[in-house]
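Chemist: any chance you can model this:
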Amino acid sequence: MLLAALVYLWGRQLWGRGAGLIALALFTFDPTLVAHSQMITHDVSMGAFFFAAAYTFWRYLKIGRRAIW
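Modeler: Numbers count the residues shown, from 1 in each chain. Below you'll find the model as predicted:
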């Protein structure tokens, strides 16, 4: 759920609320995530971590100082 929230936030900040909702819908109905959602593996948690790191780095470059959530 954290990864979905970050996908929405980043999409909203880049292109607006509608684009954030579209990005969230595409992420939610991704066949890979839907098919493997019952398995507990490390790839989703690592993907969430790297996505959060990229998002935080992007905010740092955009704002020019430490980005507080």
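Chemist: where does the chain have low pLDDT?
Modeler: 65-69 (pLDDT under 70).
Chemist: just the helices in this structure please.
Modeler: Ranges of helices in the chain, per DSSP state H, are 2-15, 17-28, 31-35, 42-63.
Chemist: so how far is Thr41 from the nearest residue to Leu21 once chain neighbours are set aside?
Modeler: Using CB to CB, 6 or more residues apart in numbering and skipping residues adjacent in sequence, the residue nearest Leu21 is Tyr8, 7.2 Å away. For the C-beta atoms, the positions are set from N, CA and C on the backbone; glycine is no exception. Per CB to CB, to the nearest Å, Tyr8 is found 23 Å from Thr41.
Chemist: so which of the two has more stuff around it?
Modeler: Tyr8 (20 against 8; other CB atoms under 10 Å).
Chemist: how about the contacts made by the more buried one?
Modeler: 20-21, 23-24 (CB atoms under 8 Å, 6 or more residues apart in numbering).
Chemist: make it 10 Å
Modeler: Neighbouring residues of Tyr8 by CB atoms under 10 Å, 6 or more residues apart in numbering: 17, 19-25, 27-28.
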